[in-house]
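>>> make a model of this:
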Amino acid sequence: MLRPMNRRSFLQVSALAAAPSIATAAPSSPVSSTRSDNRFKLKYAPHFGMFKHHAGNDKLDQIKFMADEGFRAFEDNNMRGRTPEMQEKIGKLLRELDMDMGVFVAHAEWQKPDLSFVSHKKEARERIAADMKKAVEVAKRCGAKWCTVVPGPYKKGVEFDYQTANVIDNLRRAADICEPTGLVMVLEPLNPWRDHAGLYLTKVPQAFLVCRGVNHPSCKILDDLYHQQITEGNLIPNLKKAWSEIGYFQTGDNPGRKEPGTGEIHYRNVFKVIHERGFEGIIGMEHGNSKPGKDGERAVIDAYRAADDF
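Residues are numbered from 1 along each chain as shown. Below is the predicted model:
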């Protein structure tokens, strides 16, 4: 059942009646903006490729399709690697569609602890500073408010608490780079059992401790519910306890890392709690589609409709 149209929706529909929308401006575009009153309650953010069978290969058309289906946000882990021109085009389109830009990856080291946040070495500090300065420029172009930071692998043979101290010190310096523009780093704990063995940051309580140590508004937690279901479960109690330091969520059911309803996580209950606590940020859809083609894409949209119905 459709929700009553609010003032913003009325103005959007009125504008569509008066002039062609950005989605219909180009005759070659297969997408048209005709659904302004079906927006999701929470800001679920799809990514490129998730709806390519409906929208085609053009990345901007894919974003338009997301907006038509009621999605209020978009994320792109690979935004940093795109050309400045494309970053600006994406940011402009998102503003016109009244969508928020989600995370992109600002720093992620997978193999070399001496070049990551766990290190006190000069080379690590210089790399981190360069990555965060670049992230600030990317964020300005595409309109992002959040960027993902993976602190890196832990270093064998070094006391873990010393590495934690290094992580906190490096994050404070990085946060100082981000703060003037309002960019927020979100630290992502990743599961060590299935996908990312050997990394320093694995659990939400650990990320909570680090963020409290950093004590900076530009350093928060990315609570990826897929990873945390594997690592520790206890999703709702943990998000409640860490709430003050959580800036962003990501989804993916377990097992399989596909859309809600394909695994063991009761996402409707989780989303209900997130909504009730007044979360206004983004929930990135960092997962694949369980089925191929248009049917699989429609299954993803339907899954979020069902989980958003609370």
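>>> hmm, who's touching stretch 87-101?
8, 12, 22-23, 33, 43, 45, 59-60, 63-64, 66-67, 71-76, 79, 82, 138, 141-145, 282 (C-beta atoms under 8 Å, 6 or more residues apart in numbering). C-beta: built from backbone N, CA, C; applies to glycine.
>>> out of those, which are buried?
Among the contacts of stretch 87-101, those scoring as buried are 12, 22-23, 33, 43, 45, 59-60, 63-64, 66-67, 71-76, 79, 82, 138, 141-145, 282 (criterion: 16 or more other C-beta atoms under 10 Å).
>>> among those residues, name the ones in strands.
43, 45, 73-74, 282 (DSSP state E).
>>> quick check, nearest of those to Asp176?
Ile282 (23.8 Å; C-beta to C-beta).
>>> list the residues that contact that closest one.
43-45, 73, 75, 100, 102-103, 146, 248-249.
>>> any chance you could map the strands in the stretch 151-300 of the chain?
Here the stretch 151-300 of the chain has its strands, by DSSP state E, counting those that start in this stretch, at 184-187, 219-224, 246-250, 282-284.
>>> can you dump the C-alpha coordinates of the helix ranked longest in the chain into PDB?
Using DSSP state H, we find that the single longest helix of the chain is helix 122-142. Once non-C-alpha atoms are left out, helix 122-142 reads as follows in PDB (Å, rounded to 0.1, in the frame of the first residue of the first chain):
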ATOM      1  CA  LYS A 122      56.500   6.900   8.700                       C
ATOM      2  CA  GLU A 123      55.600   5.100   5.500                       C
ATOM      3  CA  ALA A 124      52.300   4.100   6.900                       C
ATOM      4  CA  ARG A 125      51.500   7.600   8.200                       C
ATOM      5  CA  GLU A 126      52.400   9.100   4.800                       C
ATOM      6  CA  ARG A 127      50.300   6.600   2.900                       C
ATOM      7  CA  ILE A 128      47.300   7.100   5.200                       C
ATOM      8  CA  ALA A 129      47.500  10.900   4.900                       C
ATOM      9  CA  ALA A 130      47.700  10.700   1.100                       C
ATOM     10  CA  ASP A 131      44.700   8.300   0.900                       C
ATOM     11  CA  MET A 132      42.600  10.500   3.100                       C
ATOM     12  CA  LYS A 133      43.500  13.700   1.200                       C
ATOM     13  CA  LYS A 134      42.400  12.000  -2.000                       C
ATOM     14  CA  ALA A 135      39.200  10.800  -0.300                       C
ATOM     15  CA  VAL A 136      38.300  14.300   0.700                       C
ATOM     16  CA  GLU A 137      38.600  15.400  -3.000                       C
ATOM     17  CA  VAL A 138      36.600  12.500  -4.200                       C
ATOM     18  CA  ALA A 139      33.900  13.200  -1.600                       C
ATOM     19  CA  LYS A 140      33.600  16.800  -2.700                       C
ATOM     20  CA  ARG A 141      33.000  15.800  -6.300                       C
ATOM     21  CA  CYS A 142      30.400  13.100  -5.700                       C
END
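>>> which stretches of the stretch 101-250 of the chain aren't confidently modelled?
Scanning the stretch 101-250 of the chain for pLDDT under 70 picks out no residues.
>>> for it, which segments are assigned as helices?
Applying DSSP state H, counting those that start in this stretch to the stretch 101-250 of the chain gives helices spanning 122-142, 160-178, 204-214, 225-231, 235-241.
>>> next, the angle from the longest one to helix 160-178.
So the one you mean is helix 122-142. Using axes from the mean of the first three to the mean of the last three C-alpha atoms, to 10 degrees, the direction of helix 122-142 lies 40 degrees away from that of helix 160-178.
>>> from the chain's centroid, how far away is helix 122-142?
Chain-centre distance of helix 122-142: 18 Å, with C-alpha atoms, centre = their mean, to the nearest Å.
>>> which ones are touching Phe71?
Applying C-beta under 8 Å, 6+ apart, we find Phe71 in contact with 39-40, 44-46, 99.
>>> Ile274: which of these is nearest?
Tyr44 (10.9 Å).
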